[in-house]
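J.: Output the structure for:
(chains A and B)
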Amino acid sequence: MKHKYDDHLLLSAYLDNELTDKEKEYIEKKLKTSVDLQNKLEELKKLKSLTLDSKKELPENHYFEQRVMSALLEEKPKTFFSKKWIPAFGLVAVSMIIFLSLNVNPEFFKNLIDTQKNVISNYTGNLKPLFFPSEISNEDLFNFALYEEIPLNNDENQVLKIGLDKSGKEYFEVKKSNKEDDKNNLQNFLSKLNLNESKKSKVDSLFKDYATQLSKHILIGDDNAIAINPSVWNLRKAMIADFVNLTRQLDTKNFNKLAHSFNIPVPKKYVDWNKTLDSIKTNKYIVFTPDSVFTSELNLKMTDLAELNQENLIKRNSERRFHRIDFDSVFNVQKGRIKIVRSPDFVQVQVEEIEIPDIQIPDFNSLVEIIEKSVQNQPNLNLVNEDNLNRTRENQQRRVLVLPPNDINLDSILEEQNKRLENSLKKKSERGKSNSNNQIVPEKETQNIDENDEIRLELEKLRKEIEKFRKLFRNYIQEDSSQNNHEPIILFEHIEI
Amino acid sequence: MNSENNQPEGEMEQPKILTLDDDFSIIKRFNKGEKEVFRILINRHKEKVRNIIFMTLSEIDAIDDIAQEVFITVFKNLKNFRYESQFTTWLYRITINKCKDYLRKKRVRKIFSNLDEDYDYRTEEIDENNDVRMIVRNAIDGLPDKLRIPMILRDIEGLSYQEISETLELDLGTVKSRIFRAREALRKNLEPMKKELLA
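T.: You can find the predicted model right below:
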């Protein structure tokens, strides 16, 4: 028996190529004649390969190096005394305080809870959207849908990234944009499709819906609190899905031509993902404040917010800055856990097990490729890594928020937003003027905007035609004067009267 | 010390001698005061360290905390590094020791806490995903640490017996026998599924 055990032990090492020449010679000789050993070797091979196959893939941690370096930088030499005794003194002190408070003041805990409630309402009381719908352009929304980034502040080139890493973990990040300027993606893509004005306005109204949605998902407060609705990740996916649905519906032929080689999934029936998303959206926001993190139910009425005029918006532009969250901690929030880890370049907030509504939105992996193809003549384009899109749904329970550790300057972000708002208000009033000239009295605001857009586009077209006419006319005079032959001039070829 | 140490400092930064950037030369630079090169060591070895922790603990939550502890320990002790064995052997030894510490603490904690707190996500995956990989994984996780760790280092991480012996500070003979015993124990754990798995 012992002999057999030894042989099997040798076989195992033989399999690993770890025998001495002598042992190897011995076992190979024995293997030739023994069926039992041959079977055992096969079995060991199988076990070895099963073990190797059982290896689970661990997603790479790109921030790990920064995390370690930052931990090293911040590690302070501790004296023996502080290391060993401070926690003990602390514990004694805390128990003394609790003990005394309970004796002296039985209301202690009740007060403590009330204070906590007050703190929460202080932070959540004045939350307003980071973007108002009018402040987000269609191009911004489209780029958000594609690249997960939305510009916060053009001067400092800061963007808010709401993304998923390779393993499918969600995260937030406020960072400097490292992408080249990629304006006009949407315009370029739409130009590949044959859309008339009314179809274009349908696309516009889709984006308007999403602008409203997005503004509800990210809120900021006077006290430098940021609140994020966890369904914002779904929102981005829904936006791509809806955009694909709509554009395909509007110009099936050209869309299919574009999508032909990219395996775009074709849903059997049309689903309005925006509405689906709205119906299951949670009101529970994750609120990040300079000194705490918690979840809170917020009921946001867009009608109330719409009443905010520009004056109120300027009030937002106060002296305050967003303080970095400068603590490493784990917070237990209702039904979840939030872990904060610092590093020199950002603060990472991992949000675990927060309830996030889950809907099955088709993953339009190939849309980015289509856009890439359709705008490939644009030299400055830089597209996201496809790996980001081919993620699994395994780690859906972990959410990560990343903020840069340097104070985020909310002032400049707000200034930027105010500028945008001013511009959009200006545009609106200009549109209003042209509107009154044409004596159209809209019944609803959305209709008003749609029709204004139509008029604006018509005017733009007319302006271009006039310019073209001028140019042609100038050429015609020149050519005429040099007595050359010339082509007949076609004027107003696109104008439908 | 060695001939490469005599090179002028400016030359050390030239990309053309990047081939010299093995672990030893990086450690030498570190010990001469270039603390910044520690980043290179982290980046070069972080995934292997994280994977060893992952395979040893089968727990995703603790990986980065433990890996961070590993590299901090390395950082503090690199000045005492003797260039006798591979840097990786030393690194993996620290990693395995940190894992053992963690497992020990966890066992102590388990005695004092109820089961809910230490919910084992492995069982959840088995219920959901009843496939071969999961069954094998579960069987491996059921092995005692002293058998499981050498087998994982060999069959998954691809270390040689010599490296395992240095990492775990065991005799070569012990490593050989533990790996074999681990395979035997795994075979026994998989016995009910023998037809499907070992056919």
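J.: Hmm, residue A:23 is touching residue A:10, no?
T.: Yes - using C-beta atoms under 8 Å, residue A:23 is in contact with residue A:10, at 6.0 Å. Where you see a C-beta, it was placed from the backbone N, CA and C, and this is true even at glycine.
J.: Could you tell me the end-to-end distance of stretch B:27-38?
T.: By C-alpha to C-alpha, to the nearest Å, the extent of stretch B:27-38 from end to end equals 8 Å.
J.: Now it: average pLDDT?
T.: Across stretch B:27-38, the average pLDDT comes to 88.
J.: do the same with stretch A:56-67
T.: 81.
J.: any bit of it sitting next to chain B?
T.: Yes - under the criterion of C-beta under 8 Å from any C-beta of the partner chain, chain B is reached by stretch A:56-67 at A:56, A:58, A:60, A:61, A:64, A:65, A:67.
J.: quick one: which of residue A:23 and residue A:10 has more around it?
T.: More crowded of residue A:23 and residue A:10, by other C-beta atoms under 10 Å in any protein chain shown: residue A:10, with 20 against 13.
J.: Quick one: residues contacting that one.
T.: Neighbour list for residue A:10: A:19, A:23, A:26, A:27 [criterion: C-beta atoms under 8 Å, 6 or more residues apart in numbering or on different chains].
J.: Residue A:143 is in contact with residue A:149, isn't it?
T.: Yes - the criterion here is C-beta under 8 Å, and residue A:143 meets it with residue A:149 at 6.5 Å.
J.: Can you show me the strands along chain B?
T.: In chain B, no strands are defined using DSSP state E.
J.: Can you give me the pLDDT of the residue nearest to the spatial centre of chain B?
T.: The centroid of chain B falls nearest to residue B:52 when counting by C-alpha atoms, centre = their mean (3.3 Å). Listed pLDDT for residue B:52 reads 91.
J.: what about it, distance to chain A?
T.: Residue B:52 is 10 Å from chain A, where distance means C-beta to the nearest C-beta, to the nearest Å.
J.: try residue B:180
T.: 4 Å.
J.: Leaving out sequence neighbours, find the closest residue to that residue.
T.: residue A:12 (3.9 Å; C-beta to C-beta, 6 or more residues apart in numbering or on different chains).
J.: now swap in residue A:15 and tell me
T.: residue A:44 (5.3 Å).
J.: which SSE is that neighbour in?
T.: Per DSSP states H and E, residue A:44 falls inside helix A:35-53.
J.: Which of the helices and strands in chain A ranks last by mean pLDDT?
T.: helix A:310-316 (a mean of 42; mean pLDDT, DSSP states H and E).
J.: can you map out the strands along the stretch 151-300 of chain A?
T.: For the stretch 151-300 of chain A, applying DSSP state E, counting those that start in this stretch gives strands covering A:158-164, A:170-176, A:218-220, A:226-228, A:284-288, A:293-297.
J.: For residue B:58, give me the backbone phi and psi.
T.: phi 50, psi 40 (degrees, to the nearest 10).
J.: Quick check: the residue nearest to residue A:15 vs residue B:151, distance?
T.: Residue A:44 sits 12 Å away from residue B:151, going by C-beta to C-beta, to the nearest Å.
J.: ok, those two, which is more surrounded?
T.: Set residue A:44 next to residue B:151 and count neighbours by other C-beta under 10 Å: residue B:151 wins out with 23 against 20.
J.: For the nearest residue to that one once chain neighbours are set aside, give me its contacts.
T.: Closest residue in space to residue B:151, ignoring its immediate chain neighbours: residue B:182 at 3.8 Å, by C-beta to C-beta, 6+ apart. Residues in contact with residue B:182 (C-beta under 8 Å, 6+ apart) are B:143, B:147, B:148, B:150, B:151.
J.: Just give the closest residue to the second one, not the sequence neighbours.
T.: Looking back up the chat, that one is residue B:147. Nearest in space to residue B:147, with sequence neighbours left out and distances taken as C-beta to C-beta, 6+ apart, is residue B:182 at 3.8 Å.
J.: What's the per-residue pLDDT of that neighbour here?
T.: Here the pLDDT value assigned to residue B:182 is 95.
J.: domain ranges for chain B?
T.: With domains defined by automatic domain parsing, chain B comprises B:21-115, B:123-194.
J.: quick one, which of these is nearest to residue A:251?
T.: Among those, the nearest to residue A:251 by C-beta to C-beta is domain B:123-194 (42.1 Å).
J.: where does the closest one sit relative to the chain's centre, distance-wise?
T.: Distance, stretch centre to chain centre, for domain B:123-194: 14 Å (C-alpha atoms, centre = their mean, to the nearest Å).
J.: How much space separates the residue nearest to residue B:151 from residue B:163?
T.: Distance from residue B:182 to residue B:163, by C-beta to C-beta: 16 Å.
J.: and what of residue B:78?
T.: Residue B:78 is 20 Å from residue B:163, by C-beta to C-beta.
J.: who's more crowded, the two?
T.: The neighbour comparison of residue B:78 against residue B:163 (other C-beta under 10 Å) goes to residue B:163, with 20 against 17.
J.: sorry, back to before: pLDDT added to the contacts of residue B:182, as JSON lines?
T.: JSON lines is the format used below for these (pLDDT from 0 to 100):
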{"residue": "B:143", "pLDDT": "90"}
{"residue": "B:147", "pLDDT": "93"}
{"residue": "B:148", "pLDDT": "92"}
{"residue": "B:150", "pLDDT": "94"}
{"residue": "B:151", "pLDDT": "94"}
